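**Q** With the sequence up front, the predicted model follows.
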Amino acid sequence: MKKLLTNHWFITFITLTAATILAFVFFYLVPQNSANIALLYILALLVVTLRTTGYRYGIFAALFSVICINFLFTYPYFHLNFTLTGYPITFIGMLAITLITATTAARLKKQAAIIAEREKTIKEAEREKIRANLLRAVSHDLRTPLTSIIGASSSFLEGEDYLSEEEKRELITNINNDSNWLLNMVENLLSVTRIQEDGQKVKKSPEVVEEVVSEAAGRLKKRLPDAQFNIHVPLEFLMVPMDAILIEQVLINLLENAVIHSGSDRPAELGITENEETIIFEIKDYGRGLDDSQLDNLFLGTYSASETSDGHKGMGIGLSICRTIVEAHGGQISARNHEHGAVFTFTLPKT
Amino acid sequence: MQKKITILFIEDEKNILTFVSTILKKHNYKVLTASTGAEGIQLINSNCPDLILLDLGLPDMDGQLIIPTVREWTNCPIIVISARTNEREKVKALDYGADDYITKPFGTSELLARIRTSLRHSSPLDTDAGRNTHTYQCHELVLDFHKRTLAIKGNLVHLTPVEYKIVAYLAQNSGKVITYSALLKNVWGPYADEDNKILRVNMANIRRKIEENPAQPQYIFTEVGVGYRMNEDDR
């Protein structure tokens, strides 16, 4: 049925039939005024040329209309008679209308296509730019822990004979920490690949908020057993459509920032609240807060934590990934300072 | 002298193979290794291992396919090793008959715990000697399978019949992951609705009754996209 409706000959046929039927109705209701009938056919011509591509349907419709008017609605009825006064003019007029409409319609369609194409190119370029930025930031961030791992492991191998047990332990601990950090970074990057290329959409399924939160907390605890944070979930049962793995990654990144990088002197807080349309996640720390000048480009992947105590933990990539994930879910992410530290907030739509 | 338990490890990454076998040998298991699926199947057929550790990414075949082949003739526990982000793969492996999975990268203690759990569930007579199997106990939670009661710090907690069935099934399989579909089937019967929302609502209610903070549970953990895992019986 759908195929039939897009068939241009079918459209032409239906439109002309409709016009003819209407013309008969008019003809019987107001037989003295035949101008209405010509108008009806002109309307049908317009519809046909606008709904089809190319000239042939329009020209066919014009010919058909002229013949119909002549054959059915002008005296002598049911006879073709092209010698009536002014009749060739009617035909030429109808043909001209057809051609002009068809040309205009074709041009409009072409322009729309060009605009769509241009928009696509711009979007593509933008995405490419984000990707290039990310790649640059990632390579930079990955090099530091790798250098440290290679350094520590080779000093261990070279110094096996003269290093004390304690020194050896310290080297291995460093390797362990750095590889864990690397792993988290890789998971971050992998998570981005879950976001489909086209239109940045994610595969959502309804998930229980507290389950996702608790799994994220569990995974962070496993990696950083000393991490201190409190979680407050509402008493109501909340189910929200999301890609749970991705949202977990956002929670882990934000909690890790709050617990490790903020210099917080109290446990961080993760609170979940809801309003009519969204679920709001709020991660609050009691640390040194965010640099005001950096607030604007915090989520762009350019923020460097180098001014803070631990330069090598690239918090920039984590945050830009958070933004990508949250926005792909149709939510929003933001950051601000409160009296004793920083607050990161993100929302997820309930439907 | 007690016979050593044999573990077959099928994995194509040599480094992982070495480090895991070293650990397992240290803990007094006998270790067989295979680096391809074909070799693995051959070893299973000829040696009848007590437990199989299976990495799903194998060079010669889809590791998933080994599971139903093995299940045709033995109940020997299979623990699948999988990447974290691949929930569908985990569920498929469990549906095929794998007993549990462990996510890469895993720590030594986690791996050993999973192995112990799977071995215990596979042969309760061998390892549960002396263990009181009429109750489940973890931290301050005690579940009595005979009286059908659950108590926390000695106080009885009221559970609806469905909630009790869920907790009891998880407790009987404590330490092992149970998929949503397995739980649905077990609690609501074989014609249960595919939609697991009802299960998750019940679970949320159970958590509010037994956990101090439902967002930081001590007893029943969620494996998002896969199912639930109840903390090991700690006696």
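**A** Done, it's in. Numbering: from 1, shown residues only, chains lettered A, B, ... in the order given.
**Q** burial measure for the residue nearest to residue B:156 when sequence neighbours are not counted, as a count.
**A** Leaving out its chain neighbours, the residue that sits closest to residue B:156 by Cβ to Cβ, 6 or more residues apart in numbering or on different chains is residue B:149, at 5.8 Å. For glycine as for every other residue, the C-beta is placed from the backbone atoms N, C-alpha and C. If you count neighbours by other Cβ atoms under 10 Å in any protein chain shown, residue B:149 ends up with 15.
**Q** Can you find the helix or strand in chain B with the smallest mean pLDDT?
**A** helix B:124-127 (a mean of 52; mean pLDDT, DSSP states H and E).
**Q** Now the element after that one, going C-ward?
**A** Tracing the chain past helix B:124-127, the next element assigned as helix or strand by DSSP states H and E is strand B:135-138.
**Q** partners of that next one, with directions?
**A** strand B:141-144 (antiparallel) (DSSP bridges).
**Q** At the contact with chain A, which residues of chain B appear?
**A** By the rule Cβ under 8 Å from any Cβ of the partner chain, the part of chain B lying against chain A is B:84-85, B:87, B:105, B:197, B:200-201, B:203-205, B:207-208, B:213-217, B:221-225.
**Q** where does residue 215 fall, phi/psi-wise?
**A** The chain I'm using is chain A. phi -70, psi -40 (degrees, to the nearest 10).
**Q** meant chain B actually
**A** phi -90, psi -10.
**Q** While we're on it, how confident is the model there?
**A** pLDDT for residue B:215: 86.
**Q** circling back to that earlier point, in strands, which of the residues of chain B next to chain A fall?
**A** B:221, B:222, B:223 (DSSP state E).
**Q** Apart from its chain neighbours, what residue comes closest to the one residue sitting closest to the centre of chain B?
**A** The residue lying closest to the centre of chain B (Cα atoms, centre = their mean) is residue B:176, at 2.5 Å. With sequence-adjacent residues excluded and distances taken as Cβ to Cβ, 6+ apart, residue B:176 is closest to residue B:100, at 5.2 Å.
**Q** thinking that neighbour is in contact with residue B:81, fair?
**A** No: judged on Cβ atoms under 8 Å, residue B:100 makes no contact with residue B:81 at a distance of 10.3 Å.
**Q** Quick one: distance of stretch B:134-144 to the chain centre.
**A** In terms of Cα atoms, centre = their mean, to the nearest Å, the centre of stretch B:134-144 is found 19 Å from the chain centre.
**Q** who's in contact with it?
**A** B:145-146, B:149-153, B:167-168, B:171-172, B:174, B:210, B:218-219, B:230-235 (Cβ atoms under 8 Å, 6 or more residues apart in numbering or on different chains).
**Q** so where's chain A shaky on pLDDT?
**A** Residues of chain A meeting the criterion pLDDT under 70: A:1-6, A:32-34, A:82-86, A:196-200, A:301-316.
**Q** per-domain residue ranges of it.
**A** Taking automatic domain parsing as the reference, chain A has its domains at A:2-115, A:200-351.
**Q** can you pull out the strands in the stretch 151-300 of chain A?
**A** For the stretch 151-300 of chain A, applying DSSP state E, counting those that start in this stretch gives strands covering A:205-208, A:229-232, A:239-242, A:268-274, A:278-284.
**Q** can you put those in TSV and add distance to residue B:162 and mean neighbour count?
**A** Formatted as TSV, those follow (distance: least, Cβ to Cβ, whole Å; neighbours: other Cβ atoms under 10 Å in any protein chain shown):
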stretch	distance to residue B:162	mean neighbour count
strand A:205-208	17	18
strand A:229-232	27	17
strand A:239-242	18	20
strand A:268-274	26	18
strand A:278-284	27	20
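**Q** Looking at the ones you listed, spot the one closest to residue B:96.
**A** strand A:205-208 (21.8 Å; Cβ to Cβ).
**Q** is any part of that closest one close to chain B?
**A** Yes: Strand A:205-208 reaches chain B (Cβ under 8 Å from any Cβ) through A:205, A:206, A:207, A:208.
**Q** wait, doesn't the second one sit right on residue A:240?
**A** Yes: Residue A:206 is within contact range of residue A:240, at 7.0 Å (criterion: Cβ under 8 Å).
**Q** residues in contact with residue B:215?
**A** Counting by Cβ under 8 Å, 6+ apart, residue B:215 has contacts A:210, A:213, A:214, A:217, A:231, A:232, A:233.
**Q** 7 Å instead?
**A** Counting by Cβ atoms under 7 Å, 6 or more residues apart in numbering or on different chains, residue B:215 makes contact with A:210, A:213, A:214, A:217, A:231, A:233.
**Q** Brilliant, that's me finished.
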